[in-house]
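**Q** Pasting the sequence and the predicted model now:
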2 protein chains.
Amino acid sequence: MAPKEIYIGVIGAGGVGKCFLSQLESLSKRYATNASSPKLSLVLVSRSTKTLYSEKYTSLRFENLSTKLAESTQKTLSVTEAIEFLAATPAKAILVDNTSSQDVADQYPSALSKGISIVTPNKKAFSGSYKLWQDIFSAAASSGAKVYHESSCGAGLPILSTLKDLVDTGDEVTKIEGVFSGTMSFLFNSFAPLEGSGGKWSAEVTKAKELGYTEPDPRDDLNGLDVARKLTILARMSGLPIESPTAFPVHSLIPKELESVSSGDEFLQKLPQFDSQMEETKVAAEKEGKVVRFVGSIDVAKKEVKVGLEKFDRSHPIAALKGSDNIISFYTKRYGANPLIIQGAGAGGEVTAMGVTADLIKVIERLS
Amino acid sequence: MAPKEIYIGVIGAGGVGKCFLSQLESLSKRYATNASSPKLSLVLVSRSTKTLYSEKYTSLRFENLSTKLAESTQKTLSVTEAIEFLAATPAKAILVDNTSSQDVADQYPSALSKGISIVTPNKKAFSGSYKLWQDIFSAAASSGAKVYHESSCGAGLPILSTLKDLVDTGDEVTKIEGVFSGTMSFLFNSFAPLEGSGGKWSAEVTKAKELGYTEPDPRDDLNGLDVARKLTILARMSGLPIESPTAFPVHSLIPKELESVSSGDEFLQKLPQFDSQMEETKVAAEKEGKVVRFVGSIDVAKKEVKVGLEKFDRSHPIAALKGSDNIISFYTKRYGANPLIIQGAGAGGEVTAMGVTADLIKVIERLS
């Protein structure tokens, strides 16, 4: 049986945070009508410079929450102070970190050791130093607090939960391979499509930026670090003690000459000068009847992790991906020649928040 | 925190049951080395005419368990007696039903009301009468016992857990579509392949039987009931009160004239006389540049469930399926135009047992 009341603090009220708060409102209402569900009390919401909290631990009301947060005149709590506030709640507390902040991530071991469970889409905690990873999970094991982070890889897609089930039930994961970035998926599905010939590389990058599929500076996607972080998480969950997301080969798609130009705009202006490199790669794949894609892979037995361009047969599920979808294939001893595949949108506020809310439910069901 | 000791009874020691017992042995050993995990005590194993149980509730040993069960001279317990035995354990008990028996399924409400949690791949309980479904979940809600049945649809593939997450977090599932039968997948991937022309229908059915992909009497696959049962489960989880697996259109691939022939062998002998029907369907699809597949679908808004032949574009993920894989697409409001797709082996002892073991872990983590 879950406890009668659970206290929730939410850090981050941006894109994912707003979607999450809306899903939390619905969940709280549903739980309130079910006698066997605990009361969910939202007692803290914060964003960079503002904090709204309930000093007597009564639940904040969801109506106009973002306005109330924006207009809050309460003392702005630091992450450390927010954790202390949650540690002092009269019953179990859960911290939902909807930021992508390293500073918040660094405080997870402290929160967990105080018995505060954590639910988050923040990749930084699980893909930073291996020491932080170890500190997080040993703090959780000692205190019994839970830490769930499904949305740190593939948003709401059931990637981490599936990998956990495979590992926990004793399957032998031999290889994980996939397209882990919505931006890279969109770029390559347009640049080297199965039907038609696609545009020039620089034109596709410019188009992706205009459509909002890239970070403000597209180099933050093209450097491959986002994919490397996700691979780091999956590799560690598979038992490989990967030191950091820069501890294995990552093929950056930023031409060396453009690494240090001052802005994303200047980068896009100069990128056409380097189109021939990507064009050659595309044509080389076509000559083999294949298409080029930007993938990450983990060979568990060989302990090899890598991120970069690979060629795929046109009938391969990775080649047939659409839009900005992610696809992840788990090759395991039990599943044999054909992998277990999960595919779908791997980014976006609502689906990322969905992974967070689903994790929140799983944590609540495990607290007692 | 999970309880210190959990008692487990296992009914069914055939293909899935044997794989499960092997996975349970590994899990028990792993838990024994972890101070925060409960002790798992296997106190009962039974198959049709034999029962092995520990009268003082000490754990049975895993060594030579099937031999000991086969040679057991203990009183054979009925399902009712096995439930009473588990209800009398000194702490929480879990019944693992690895049969496909309706008789065992009918006893779930009784077991749950006695506080015994249930983990099972048995479809019968969840796809039989709607009253049984309601009785099962209301008994669980009253007693706090858990009931998990991931492997009742798609074996170890994360189908039901994903649907549950979508529904629980407030997404609107609009449509579910897929290939839910390994047998049907194999038959149609061979009969109407993307490359080449495939053999005659009756020849493919005979080949599938010889390779062990069908039931002893292939009509038990071709009637579509297995797929209809899985659709019933998914539809009910999506909120549709489907009365039974025969309450919606199911296209049987058994020619009317062969429904009542006396044996599977006679059926296979006479099937070639009806090849022209399937051939016409295949050719009609080819003329549209498509391939024919045997699929199930649920239109949640229209409350329509159906099972039968459909035509798919050659680039559709359902058309590109391989071997005997299953594929399930969830179309939802949050996921938009491109569905969330899960694909892989949906049958087989090891992967079915994996779904059972993963569920067992989830139940243990939720008991207190």
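**A** That came in fine, so what should we check first?

**Q** in the stretch 251-368 of chain A, which spans are strands?
**A** Assigned by DSSP state E, counting those that start in this stretch, the stretch 251-368 of chain A shows strands spanning A:290-299, A:304-313, A:325-332, A:340-345.

**Q** Adding mean pLDDT, distance to A:Ala139 and mean neighbour count, write those out as JSON lines.
**A** All C-beta atoms are positioned from the backbone trio N, CA, C, and that covers glycine. Output for those, formatted as JSON lines (pLDDT from 0 to 100; distance: least, Cβ to Cβ, whole Å; neighbours: other Cβ atoms under 10 Å in any protein chain shown):
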{"stretch": "strand A:290-299", "mean pLDDT": "98", "distance to A:Ala139": "26", "mean neighbour count": "22"}
{"stretch": "strand A:304-313", "mean pLDDT": "97", "distance to A:Ala139": "26", "mean neighbour count": "18"}
{"stretch": "strand A:325-332", "mean pLDDT": "98", "distance to A:Ala139": "28", "mean neighbour count": "24"}
{"stretch": "strand A:340-345", "mean pLDDT": "97", "distance to A:Ala139": "29", "mean neighbour count": "26"}
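
**Q** Chain B is nearest to which of these?
**A** Of all the strands of the stretch 251-368 of chain A, strand A:340-345 sits nearest to chain B, with 3.7 Å by Cβ to the nearest Cβ.

**Q** Output the closest one in CSV with nothing but the alpha carbons.
**A** Listed next in CSV are the C-alpha coordinates belonging to strand A:340-345 (Å, rounded to 0.1, in the frame of the first residue of the first chain):
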residue,chain,number,x,y,z
LEU,A,340,13.3,-5.9,-29.8
ILE,A,341,12.6,-2.5,-31.4
ILE,A,342,11.0,0.6,-29.9
GLN,A,343,10.2,3.5,-32.2
GLY,A,344,8.4,6.9,-32.0
ALA,A,345,8.8,10.5,-31.1
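
**Q** Remind me what it packs against, helices and strands.
**A** Applying 3 or more Cβ pairs under 8 Å, 6 or more residues apart in numbering or on different chains; DSSP states H and E, one finds that strand A:340-345 contacts helix A:160-168, strand A:325-332, strand B:340-345.

**Q** can I get these in CSV with distance to A:Lys230?
**A** Shown next, in CSV, are the helices and strands packed on strand A:340-345 (distance: least, Cβ to Cβ, whole Å):
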stretch, distance to A:Lys230
helix A:160-168, 10
strand A:325-332, 9
strand B:340-345, 18
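
**Q** Which of the ones you listed sits closest to B:Lys311?
**A** Set against B:Lys311 and scored by Cβ to Cβ, the helices and strands packed on strand A:340-345 come closest in strand B:340-345, at 19.0 Å.

**Q** Any chance you could list what contacts that closest one?
**A** A:156-158, A:317, A:335-336, A:338-345, B:154-159, B:162, B:166, B:182, B:317, B:321, B:324-330, B:332, B:351 (Cβ atoms under 8 Å, 6 or more residues apart in numbering or on different chains).

**Q** Apply 6 Å and report the result again.
**A** Identification of contacts with strand B:340-345 by Cβ atoms under 6 Å, 6 or more residues apart in numbering or on different chains yields A:335, A:340-344, B:157, B:159, B:325, B:327-330, B:351.

**Q** Closest one to A:Asp220 out of these, please.
**A** Distances from A:Asp220 to the contacts of strand B:340-345, taken by Cβ to Cβ, are shortest for A:Gly344, at 23.2 Å.

**Q** three-state assignment of the residue nearest to A:Cys153 when sequence neighbours are not counted?
**A** In this structure, A:Cys153 finds its nearest non-sequential neighbour in A:Lys230, 4.4 Å apart by Cβ to Cβ, 6 or more residues apart in numbering or on different chains. Under the three-state scheme (DSSP: H, G, I helix; E, B strand; the rest coil), A:Lys230 adopts helix.

**Q** was I right about A:Lys230 contacting A:Ala155?
**A** No - between A:Lys230 and A:Ala155 there is no contact under Cβ atoms under 6 Å: 10.7 Å.

**Q** Please name the residues that touch A:Asp221.
**A** By Cβ under 6 Å, 6+ apart, the neighbours of A:Asp221 are A:Thr183, A:Thr214, A:Glu215.

**Q** just the buried members of the residues you listed?
**A** Neighbour-count burial (16 or more other Cβ atoms under 10 Å in any protein chain shown) applied to these gives A:Thr183, A:Thr214.

**Q** got the residues of chain A near chain B?
**A** A:1, A:23, A:26, A:144, A:158, A:162, A:165, A:168-170, A:322-323, A:325, A:334-335, A:338, A:340-345, A:350-351, A:354, A:357-358, A:361, A:365-366, A:368 (Cβ under 6 Å from any Cβ of the partner chain).

**Q** before we move on, back to that, of the helices and strands packed on strand A:340-345, which is nearest A:Phe191?
**A** Using Cβ to Cβ, the helices and strands packed on strand A:340-345 put strand A:325-332 closest to A:Phe191, at 15.5 Å.

**Q** Looking at the contacts of strand B:340-345, spot the one nearest A:Glu280.
**A** Distances from A:Glu280 to the contacts of strand B:340-345, taken by Cβ to Cβ, are shortest for A:Gln343, at 29.3 Å.

**Q** Specify the beta-bridge partners of the closest one.
**A** On the basis of DSSP bridges, A:Gln343 is bridged to A:Ile327, B:Ile341.

**Q** Tell me who's in contact with A:Ala125.
**A** By Cβ under 6 Å, 6+ apart, the neighbours of A:Ala125 are A:Ala105, A:Tyr108.

**Q** Give me the subset of the contacts of A:Asp221 lying in helices.
**A** Members of the contacts of A:Asp221 lying in helices (criterion: DSSP state H): A:Thr183.

**Q** Can I get the contacts of A:Asp221 in CSV including pLDDT and distance to B:Ser72?
**A** Output for the contacts of A:Asp221, formatted as CSV (pLDDT from 0 to 100; distance: Cβ to Cβ, whole Å):
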residue, pLDDT, distance to B:Ser72
A:Thr183, 94, 61
A:Thr214, 89, 65
A:Glu215, 88, 65
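
**Q** tell me how far the ends of stretch A:212-225 are from each other?
**A** 19 Å (Cα to Cα, to the nearest Å).

**Q** for stretch A:110-121, same thing?
**A** Termini of stretch A:110-121 sit 18 Å apart (Cα to Cα).

**Q** could you say which helix or strand contains A:Arg30?
**A** Using DSSP states H and E, A:Arg30 falls within helix A:15-32.

**Q** Please identify the buried residues of that helix?
**A** In helix A:15-32, counting by 16+ other Cβ under 10 Å, buried: A:16-25, A:27-28, A:31.

**Q** In CSV, list those residues along with pLDDT and distance to B:Pro193.
**A** Below are the buried residues of helix A:15-32 laid out as CSV (pLDDT from 0 to 100; distance: Cβ to Cβ, whole Å):
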residue, pLDDT, distance to B:Pro193
A:Val16, 95, 43
A:Gly17, 96, 48
A:Lys18, 96, 47
A:Cys19, 96, 43
A:Phe20, 98, 45
A:Leu21, 97, 49
A:Ser22, 97, 46
A:Gln23, 98, 43
A:Leu24, 98, 48
A:Glu25, 98, 50
A:Leu27, 97, 46
A:Ser28, 97, 51
A:Tyr31, 96, 50
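
**Q** Give me the secondary structure label for A:Ile118.
**A** Per three-state DSSP, A:Ile118 ends up strand.
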